[in-house]
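Q: Here's a sequence, model it:
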Amino acid sequence: MNKYFVLSTFYIFYLHINIRKDYTHHAKTTDSIKKFPAPASRSDHLGYRFCSSKRRDEIRRSFTFNAVRSLIGAVVLIPLIFILKRRNSPSDSASKASGRSDTSSNTVSNMQEKKTLIIGGIACGICLCLASNFQQFGIKYTTVGKAGFITACYIVIVPVIGLFLGKKCTKFIWAAVAMALIGLYLLCITDGFSIGKGDLLVLVCAFLFSLHILVIDYFSPKVDGVKLSCIQFLTCGILSGIPALFLEHPELSSILAAWQPILYAGVMSCGVAYTLQIIGQKNMNPTVASLILSLESCISVLAGWIILRQQLSTKEILGCVIMFAAIILAQLPQKQTE
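A: From the prediction side, this is the model:
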């Protein structure tokens, strides 16, 4: 298993817990955000932090949050790109000195790689932007638990779409997917389950996150992961920023008032976690990748129990055990199905 991918998922999980902790603290001290639900999984939302004290019931400014945190993520990666480029430059000069003067073919190859990089970054950014914002709006009309469960249904959607793309899975992985789904249900659903308007919006979000995972699976082996991630965030930031300017009219004072959680989300979630996901997904089965990502809900609950001393029910413990068992099952040595 790629160690970078494991690191990326745990950064996302840790971020999720810190945001919940931040939300709990501000919900006690700020009357204007009491009516706004905490974020569900996968996108670590802080949109509720932008709500105005004069308009308690207005829609969370999800476009503003997604735009700001994505642009921060892109800016954070720019110095890293230059550092990595400088580190790789000696090997480039050595290859030039080796006597290969096939400059024309190298130029064509570089142009093709840049084209693939730009297309891949834009495609990833579009998927991430749509998925994040659909989830934000869906949470407004449903519970956090249901939103978390439905969002994580990408563990089923990814292998189903993969079948149409010629990416078959073994019986072990299909069994792991079923187990993870059961575990997620026990973990996230506390009341009865019914489908409403918000649930359908979050289901669209799950489909879009599935596309995001598959797009990363296609482009990450072909291009530099850090550059791909940077273009992804730049695209997501611009696409989210356009509706934010026209629909939400963001104020700099509101953004600065929440600078700590926004900076944390921009640097740790975008700059670190999502970037490590892209690097880690290189040459990894996308279904296995989605299974590992689904552990977010499990780790969030466990971290809340350990760090924040939240109560953990028997049902939630059982859900965590089943999910961990599913991940172990998916990692067992098995014959590859072509």
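Q: low-confidence ranges in the stretch 201-338 of the chain?
A: 308, 331-338 (pLDDT under 70).
Q: just checking, what packs against the helix or strand hosting Val75?
A: Taking DSSP states H and E as the criterion, Val75 maps to helix 62-97. Judged by 3 or more C-beta pairs under 8 Å, 6 or more residues apart in numbering; DSSP states H and E, helix 62-97 is in contact with helix 103-139, helix 225-243, helix 259-264. Every residue, glycine included, has its C-beta placed from N, CA and C.
Q: Next SSE downstream of the shortest one?
A: Per DSSP H and E, the first helix or strand lying C-terminal to helix 259-264 is helix 275-280.
Q: So which elements touch that following helix?
A: So helix 275-280, by 3+ C-beta pairs under 8 Å, 6+ apart, packs with helix 3-29, helix 225-243, helix 286-293.
Q: Could you check the following helix or strand past the second one and say which residues are buried?
A: I take that to be helix 225-243. Using DSSP H and E, the helix or strand that follows helix 225-243 in sequence is helix 252-257. Within helix 252-257, the residues scored as buried using 16 or more other C-beta atoms under 10 Å are Ser254, Ile255.
Q: Now Tyr218: which helix or strand?
A: Using DSSP H and E, Tyr218 sits within helix 197-219.
Q: Could you check the angle that helix makes with helix 286-293?
A: Counting by axes from the mean of the first three to the mean of the last three C-alpha atoms, to 10 degrees, helix 197-219 lies at 130 degrees to helix 286-293.
Q: In helix 197-219, which residues are buried?
A: 198-199, 201-217, 219.
Q: Ignoring the adjacent residues along the chain, who's closest to Gln204?
A: Rather than Gln, residue 204 is Val. Phe134 (5.0 Å; C-beta to C-beta, 6 or more residues apart in numbering).
Q: ok, Ala67 - contacts?
A: Contacts for Ala67 (C-beta atoms under 8 Å, 6 or more residues apart in numbering) come out as Cys236, Gly237, Ile238, Ser240, Gly241, Ala244.
Q: For Ser294, see how far away the fourth one is.
A: Yep, that's Ser240 we're talking about. Going from Ser240 to Ser294 by C-beta to C-beta, to the nearest Å gives 25 Å.
Q: ditto for the third one
A: Relative to Ser294, Ile238 is positioned 29 Å away (C-beta to C-beta).
Q: next one: the last one
A: Plainly put, Ala244 is 29 Å away from Ser294 if you go by C-beta to C-beta.
Q: quick one, which of the two is more surrounded?
A: Neighbours were tallied for Ala244 and for Ser294 using other C-beta atoms under 10 Å; the higher tally belongs to Ser294 (28 against 22).
Q: my read: the more buried one touches Cys153, true?
A: No - contact criterion C-beta atoms under 8 Å: Ser294 and Cys153 do not qualify, at 9.0 Å.
Q: Chain neighbours aside, what residue packs nearest to Tyr185?
A: The shortest distance from Tyr185 to any residue other than its chain neighbours is 6.2 Å, reached at Phe149 (C-beta to C-beta, 6+ apart).
Q: Pull out the buried residues from the host helix or strand of that neighbour.
A: Phe149 is part of helix 144-151 when elements are defined by DSSP H and E. Neighbour-count burial for helix 144-151, with 16+ other C-beta under 10 Å as criterion, is recorded at Val144, Gly145, Lys146, Ala147, Gly148, Phe149, Ile150, Thr151.
Q: Pull the contacting residues for the nearest residue to the second one once chain neighbours are set aside.
A: Spelled out, that is Gly145. Residue nearest to Gly145 in three dimensions, not counting chain neighbours: Cys188, with 4.4 Å by C-beta to C-beta, 6+ apart. Residues near Cys188 by C-beta under 8 Å, 6+ apart: Gly145, Lys146, Gly148, Phe149, Ala152, Ser297, Gly319.
Q: In those residues, find the pair that's most separated.
A: Using C-beta to C-beta, those span at most 14.3 Å, a distance reached by Lys146 and Gly319.
Q: just the angle between whichever strand or helix holds Leu184 and helix 144-151, please?
A: Element membership for Leu184, per DSSP H and E: helix 171-188. Helix 171-188 and helix 144-151 are oriented at 170 degrees to each other (the same axes, to 10 degrees).
Q: Alpha carbons only: can I get helix 171-188 in PDB?
A: Backbone C-alpha positions of helix 171-188 (Å, rounded to 0.1, in the frame of the first residue of the first chain) are rendered in PDB as follows:
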ATOM      1  CA  LYS A 171     -14.600 -11.000  -4.700                       C
ATOM      2  CA  PHE A 172     -12.600 -10.000  -1.600                       C
ATOM      3  CA  ILE A 173     -12.900  -6.300  -2.500                       C
ATOM      4  CA  TRP A 174     -16.600  -6.600  -3.300                       C
ATOM      5  CA  ALA A 175     -17.100  -8.300   0.100                       C
ATOM      6  CA  ALA A 176     -15.000  -5.500   1.700                       C
ATOM      7  CA  VAL A 177     -17.200  -2.900   0.000                       C
ATOM      8  CA  ALA A 178     -20.400  -4.500   1.400                       C
ATOM      9  CA  MET A 179     -18.800  -4.800   4.900                       C
ATOM     10  CA  ALA A 180     -17.700  -1.100   4.800                       C
ATOM     11  CA  LEU A 181     -21.200   0.000   3.800                       C
ATOM     12  CA  ILE A 182     -22.800  -1.900   6.700                       C
ATOM     13  CA  GLY A 183     -20.200  -0.400   9.100                       C
ATOM     14  CA  LEU A 184     -20.900   3.100   7.800                       C
ATOM     15  CA  TYR A 185     -24.600   2.600   8.400                       C
ATOM     16  CA  LEU A 186     -24.100   1.500  12.000                       C
ATOM     17  CA  LEU A 187     -21.700   4.400  12.500                       C
ATOM     18  CA  CYS A 188     -23.600   7.200  10.900                       C
END
